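Novice: sequence and computational prediction follow.
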Protein chains: 2
Amino acid sequence: MALEHAILTALSEQPGSGYELARRFDKSLGYFWSATHQQIYRALAKMHADGWLTGATIEQDGRPDKKTYEVSAVGRGELRRWIAEATDMTPIRSDLAVKIRAARAADDPILLDDIARHRQQHVNRLDLYLSIEKHDFGDGQPLDDERLHQFLVLRGGIAAERASIGWLDEVVEALQRSRAHGRVAVAAGASA
Amino acid sequence: MALEHAILTALSEQPGSGYELARRFDKSLGYFWSATHQQIYRALAKMHADGWLTGATIEQDGRPDKKTYEVSAVGRGELRRWIAEATDMTPIRSDLAVKIRAARAADDPILLDDIARHRQQHVNRLDLYLSIEKHDFGDGQPLDDERLHQFLVLRGGIAAERASIGWLDEVVEALQRSRAHGRVAVAAGASA
DNA sequence: GGTTTCATGTAACTAGTTACATGATTTA
DNA sequence: TAAATCATGTAACTAGTTACATGAAACC
């Protein structure tokens, strides 16, 4: 149910068009709530119809009209209502965890390749977050509420990526050890 | 696309009925790929129709018939094919991250309550994982491939829960500091 | 006598993905 | 001259959620 609330959040920070929102969902907020442009256009139409947003059409020459949206009083109320609502942990769905669990041939180089690819993706994502942290929050300046919240969410992303990388290192090490020792390993990680 | 592959994995470890699978998805595999009984029954029917599973109906008195399934050669092939297929990082969708980012009133006690609830849920989940680790893998015995894989996936869950708890501690501390200092904070966490 | 367990499902709905479509403008 | 950007969508499909339904047996 949170796509609409993520859009309300984004448009509260800065009004804009569907296209602009889609760009923002490719970064920033989108790191913590991913959405494609198709989803966004559909949600905007519904939210506008429900009165959560006010819209204005801007004519442009040589280009399709641009529709910009901002959050209405009703939309602000809905966002407040949602924030006050208790939510539970999001259920996890990890392809890679299922794959690791499914693989009988522990030392299958194909699986190790895929694990290495995932690890690299997490390293890239961590580097990105760290560069944003340095660039946007690295000056030790006091933060107002809005920027503090952005900072804290980014810190969550950093923590998650570090945990993923550490875990995948443990996985690779264990699988390689198991391969080296005739496919039998001990639960050495349990004491780590 | 992985629900069907998660079911193939579960039925490879141990054949069973839809009901039994739904129980297993409430724990074990389900910690890393959640699914409800409705999804599972629907998927089983489709997988059976597609020849990925063989099924047998067991008549019982006083109870509905039980349908047990096991993985066919076709299903095993499909699971192998999927494991060999490269997959990307699962996109993240975190309600709580969106909420934190959306909250203007940083020290709003309602949001702090919800954060505390989430933290407690992660602590409970971590405790559960640690007790499984101790019970199932704590004896230092060598692990065969299947058990090693189960262990490694569990270690991923432990790492993720620890990261979540650490992050939420940082969030609470920062929000409380911001409240104490007239709603302005510094990016102190950046050096942590 | 009330809840939990066993055992299966259907139906309606909401959310997310993938593919297709159009067309001018700007950049390499 | 080819690709990327701007700017909007529709359509078909797949996946996930929520609500409803049935009924005996075992447990407290």
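Specialist: All right, it came through fine.
Novice: pull the CA atoms of stretch A:125-133 into CSV?
Specialist: Extracted in CSV, the C-alpha atoms of stretch A:125-133 (Å, rounded to 0.1, in the frame of the first residue of the first chain):
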residue,chain,number,x,y,z
ARG,A,125,25.3,0.2,-4.2
LEU,A,126,27.3,0.8,-0.9
ASP,A,127,29.8,2.9,-2.8
LEU,A,128,26.9,5.0,-4.2
TYR,A,129,25.4,5.5,-0.7
LEU,A,130,28.7,6.4,0.8
SER,A,131,29.4,9.0,-1.9
ILE,A,132,25.9,10.5,-1.3
GLU,A,133,26.6,10.6,2.4
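Novice: how about the residues of chain A near DNA strand D?
Specialist: By the rule CB under 7 Å from any atom of the strand, the part of chain A lying against DNA strand D is A:17-20, A:22-23, A:37-38, A:41-42, A:44-45, A:60, A:63-68, A:91, A:93. (Glycine included, C-beta is placed from N, CA and C.)
Novice: the residue nearest to A:Glu161 when sequence neighbours are not counted: helix or strand, and which one exactly?
Specialist: Leaving out its chain neighbours, the residue that sits closest to A:Glu161 by CB to CB, 6 or more residues apart in numbering or on different chains is A:Leu126, at 3.9 Å. For A:Leu126, the host element (DSSP states H and E) is helix A:109-137.
Novice: got the buried residues for that helix?
Specialist: Of all the residues in helix A:109-137, those buried under the rule 16 or more other CB atoms under 10 Å in any protein chain shown are A:111-112, A:114-115, A:118-119, A:122, A:125-126, A:129-130, A:132-133, A:137.
Novice: now do stretch A:42-61
Specialist: Under 16+ other CB under 10 Å, the buried positions of stretch A:42-61 are A:43-44, A:47-48, A:52-53.
Novice: pLDDT averaged over that stretch, what's the number?
Specialist: For stretch A:42-61, mean pLDDT is 91.
Novice: how about stretch A:89-106?
Specialist: Summarised as a single mean, pLDDT over stretch A:89-106 is 89.
Novice: do it and DNA strand C come into contact?
Specialist: No. Using CB under 7 Å from any atom of the strand, stretch A:89-106 never reaches DNA strand C; the gap is at least 9.9 Å.
Novice: residues of that stretch that come out buried?
Specialist: A:89, A:92-103, A:106.
Novice: looking at those residues, which are in helices?
Specialist: A:95-102 (DSSP state H).
Novice: A:Asp139: how many residues sit nearby?
Specialist: The tally of other residues near A:Asp139 (other CB atoms under 10 Å in any protein chain shown) stands at 10.
Novice: kindly apply the preceding question to A:Leu175 instead.
Specialist: Taking other CB under 10 Å as the criterion, the count of residues near A:Leu175 is 24.
Novice: ok, it touching A:Leu112?
Specialist: Yes. Counting by CB atoms under 8 Å, A:Leu175 does reach A:Leu112; the two are 6.4 Å apart.
Novice: longest helix anywhere in chain A?
Specialist: Counting by DSSP H, the longest helix found in chain A is helix A:145-180.
Novice: quick one, that helix and helix B:145-180 angle?
Specialist: Note on geometry: by axes from the mean of the first three to the mean of the last three CA atoms, to 10 degrees, helix A:145-180 and helix B:145-180 are set 160 degrees apart in direction.
Novice: which residues touch A:Val154?
Specialist: Not quite, residue A:154 is Leu, not Val. Applying CB atoms under 8 Å, 6 or more residues apart in numbering or on different chains, we find A:Leu154 in contact with A:129, A:132-133, A:137.
Novice: still on that earlier bit, the ones in helices among the buried residues of stretch A:89-106 into JSON lines, with extra columns for distance to chain B?
Specialist: Formatted as JSON lines, those follow (distance: CB to the nearest CB, whole Å):
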{"residue": "A:Asp95", "distance to chain B": "5"}
{"residue": "A:Leu96", "distance to chain B": "7"}
{"residue": "A:Ala97", "distance to chain B": "4"}
{"residue": "A:Val98", "distance to chain B": "5"}
{"residue": "A:Lys99", "distance to chain B": "5"}
{"residue": "A:Ile100", "distance to chain B": "5"}
{"residue": "A:Arg101", "distance to chain B": "5"}
{"residue": "A:Ala102", "distance to chain B": "4"}
